[in-house]
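Undergrad: Here's a sequence, model it:
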Amino acid sequence: MSKGKNALQTLGEQGVVSSKMRQAQKLWADMYDDVPPWKSERVKTLNLPASIAAEVARLTTVEMRSEITGSARAEFLHKMYQPVLDKLRRYIEYGCAKGGLVFKPYVDGKRISVDMVQADCFFPTAFDGSGKMTGAIFVAQEKSGDKIYTRLEKHLIDAEGYHITNRAFVSHTEGVLGMEIPLSEVSSWAHLSPQVLIENVSTLLIGYFKVPYANTVDDSSPLGVSVYSRAGELICEADKQYSRLLWEFESGERALYVSDMAFRLDKNGQAVIPDKRLYRLLGIEQGGDDLFSDWTPTLREEHILRGLNSILRKIEFNCGLAYGTLSDVDNVDKTAEEVRASKQRSYSMICDVQKALWIALSELVSAMDTLCSLYGLAPEGEYDISFEFDDSMIADRKAEFEEKKQLVSDGIMLPWEFRMWYFGESEEQAKAALSERVFRIGEGSAAD
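TA: Numbers count the residues shown, from 1 in each chain. Coordinates of the predicted model:
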């Protein structure tokens, strides 16, 4: 995390992220990028961290809908908000992998655009007593030829108001800030002011998505952790076991051990082997009277796969995923109750992540509304923001159907309530449908 350390030192900030958290954030990022410290020529990877983060992001955002309504201001906000929703799943995947994501709105002419800043590109400098961020440094970079341009954007709330400071640097080396330059040297930053003071704003103009897991790396830190933060060692073991499986197949390839007398020789007197993968040389003293010797070993892949599957199940448990998300559940003796419990575990975890996303997007829209007022981008007006998450992919729909059907049979749930749940009807529609059904049944009896 040298980039963050340099940024903090340059701006004279101490920062509130411990060295343990910085190391953990770098590890999570490296794992997601498929360059974990254990990867080598001998140890290949399954790239499980990316798969886990992608699955959590998918389940969190599948069929998600969100609208801003209520006034002309609300219509403007919704128009600016829509691009965020269009690319939300991809950025929530980054947030799930690295522990968090910042939605940072800014005025772009007569519009509001939103930067989505990943956890390794923002560095909190202050929090209030409730754990809410009150100071942070955001890092943005652009490259042109062999030059690396870096902008440090510092946000801080104090007694005077809301301070925003921008400084730019140029370097030829990755991870080094280099020499400070005017903002005007980078065309996309030329319109930015070096310093801005906003009065009467008491919260940072951002939305912070924080993975809602307990921080087991640093329990005093208010930052989020990766969705696979509790499975690092298990993921390493899974990669090693997978590498054993690959070696089992590679080393167990069928081959013919052939005496060197069976091949023609090149000009240097060396045997010319047509396929080095299939043919392997035997010396005269090793081959004896036989020119050929077949070698077809017995593979142990079943035992290795069982071991890998067991590790994958432990990863699923530690990450809050249902059995079968990564593992092959058919190869494991699991009771129906264990499978149901694992689905419920996944459902509860996704609900918590959805709630965290709800909070972050609500904070984002509030910040956008503040910018609208500060810059006069849209008429004053109230707004309402709504969220709808589709849980059909994560809830056990069949089990829930049978449960509610039994409640109707027992007289605990009314038939029109059941229709409201199953068909998504309003109370009036459900009651009308049931009345029509009763009427038709009555007509049929009268005709008989």
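
Undergrad: At the geometric centre of this structure, which residue do we find?
TA: residue 93 (2.3 Å; CA atoms, centre = their mean).

Undergrad: how many neighbours does the nearest residue to residue 68 once chain neighbours are set aside have?
TA: Taking CB to CB, 6 or more residues apart in numbering, and ignoring the residues beside it in sequence, residue 68 has residue 78 as its nearest neighbour in space, at 3.9 Å. Heads up, the C-betas are built off the backbone N, CA and C, glycines and all. A count of nearby residues for residue 78, using other CB atoms under 10 Å, gives 18.

Undergrad: Residue 187 now?
TA: Around residue 187 sit 9 other residues, with neighbours defined as other CB under 10 Å.

Undergrad: thinking again about what came up before, show me the contacts for the residue nearest to residue 68.
TA: For residue 78, the contact set (CB atoms under 8 Å, 6 or more residues apart in numbering) comprises 67, 68, 69.

Undergrad: ok, the closest residue to the last one other than its chain neighbours - contacts?
TA: Taking CB to CB, 6+ apart as the measure, residue 69 lies nearest to residue 384, with 5.5 Å between them; neighbours along the chain are not counted. Under the criterion of CB under 8 Å, 6+ apart, the contact partners of residue 384 comprise 68, 69, 70, 74.

Undergrad: now swap in residue 72 and tell me
TA: 378, 379, 381.

Undergrad: With adjacent residues omitted, what lies nearest to the second one?
TA: For residue 379, ignoring the flanking residues on the chain, the nearest one in space by CB to CB, 6+ apart is residue 72 at 5.0 Å.

Undergrad: before we move on, what about the last one?
TA: The shortest distance from residue 381 to any residue that is not its chain neighbour, by CB to CB, 6+ apart, is 3.0 Å, and that residue is residue 71.

Undergrad: Dihedrals phi and psi, that neighbour?
TA: Backbone geometry at residue 71, expressed as degrees, to the nearest 10, gives phi -170, psi 180.

Undergrad: for residue 78, same thing?
TA: Reported as degrees, to the nearest 10, the phi and psi values for residue 78 are phi -60, psi -40.

Undergrad: re earlier: most neighbours among the contacts of residue 78, which one?
TA: Within the contacts of residue 78, most neighbours by other CB under 10 Å means residue 68, with 22 neighbours.

Undergrad: Shouldn't it be within a strand?
TA: Yes. If the criterion is DSSP: H, G, I helix; E, B strand; the rest coil, then residue 68 is within a strand.

Undergrad: okay, it: pLDDT?
TA: According to the per-residue confidence, residue 68 scores 95 in pLDDT.

Undergrad: Look up which residues are beta-bridged to it.
TA: When assigned by DSSP bridges, residue 68 has beta-bridge partners residue 385.

Undergrad: ok, it touching residue 84?
TA: No. Using CB atoms under 8 Å, residue 68 is not in contact with residue 84, being 11.1 Å away.

Undergrad: Okay, residue 126 and residue 56: tell me how far apart.
TA: According to CB to CB, to the nearest Å, residue 126 stands 29 Å off from residue 56.

Undergrad: Next: residue 305.
TA: Note on residue 305: its distance to residue 56, by CB to CB, is 25 Å.

Undergrad: out of those two, which sits in the busier spot?
TA: Comparing residue 305 with residue 56 by neighbour count (other CB under 10 Å), the higher total belongs to residue 56, at 26 against 16.

Undergrad: mind checking the SS state of the closest residue to residue 401 other than its chain neighbours?
TA: Taking CB to CB, 6+ apart as the measure, residue 401 lies nearest to residue 422, with 7.3 Å between them; neighbours along the chain are not counted. Residue 422 carries the three-state label helix when classified by three-state DSSP.

Undergrad: and residue 422, how many neighbours?
TA: 14.

Undergrad: now do residue 122
TA: Neighbouring residues of residue 122 were enumerated by other CB under 10 Å; the total is 23.

Undergrad: In contact with it, which residues?
TA: Applying CB under 8 Å, 6+ apart, one finds that residue 122 lies in contact with 102, 136, 137, 138, 139.

Undergrad: Need those in JSON lines (columns: secondary structure, neighbour count and pLDDT).
TA: Compiled in JSON lines, the contacts of residue 122 are given as follows (DSSP: H, G, I helix; E, B strand; the rest coil; neighbours: other CB atoms under 10 Å; pLDDT from 0 to 100):
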{"residue": "102", "secondary structure": "strand", "neighbour count": "26", "pLDDT": "96"}
{"residue": "136", "secondary structure": "strand", "neighbour count": "24", "pLDDT": "91"}
{"residue": "137", "secondary structure": "strand", "neighbour count": "22", "pLDDT": "91"}
{"residue": "138", "secondary structure": "strand", "neighbour count": "20", "pLDDT": "92"}
{"residue": "139", "secondary structure": "strand", "neighbour count": "19", "pLDDT": "89"}
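
Undergrad: And those residues, which is closest to residue 434?
TA: residue 102 (49.4 Å; CB to CB).

Undergrad: Name whatever forms a beta bridge with the closest one.
TA: Beta bridges link residue 102 to residue 117, residue 208 when assigned by DSSP bridges.

Undergrad: isn't it right next to residue 206, touching?
TA: Yes. Using CB under 8 Å, residue 102 is in contact with residue 206, at 5.3 Å.

Undergrad: Tell me how far the residue nearest to residue 69 lies from residue 306.
TA: Taking CB to CB as the criterion, residue 384 is separated from residue 306 by 53 Å.

Undergrad: which SSE is the nearest residue to residue 414 once chain neighbours are set aside in?
TA: Excluding its sequence neighbours, the residue lying closest to residue 414 (CB to CB, 6+ apart) is residue 408, at 7.3 Å. Element membership for residue 408, per DSSP states H and E: helix 397-409.

Undergrad: Name the residues that touch that helix?
TA: Contacts to helix 397-409, defined as CB under 8 Å, 6+ apart, come from residues 340, 413, 414, 415, 418, 421, 422.

Undergrad: Can I get those in JSON lines including secondary structure and pLDDT?
TA: Formatted as JSON lines, the entries for the contacts of helix 397-409 read as follows, by DSSP: H, G, I helix; E, B strand; the rest coil; pLDDT from 0 to 100:
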{"residue": "340", "secondary structure": "helix", "pLDDT": "70"}
{"residue": "413", "secondary structure": "coil", "pLDDT": "90"}
{"residue": "414", "secondary structure": "coil", "pLDDT": "91"}
{"residue": "415", "secondary structure": "helix", "pLDDT": "90"}
{"residue": "418", "secondary structure": "helix", "pLDDT": "90"}
{"residue": "421", "secondary structure": "helix", "pLDDT": "82"}
{"residue": "422", "secondary structure": "helix", "pLDDT": "83"}
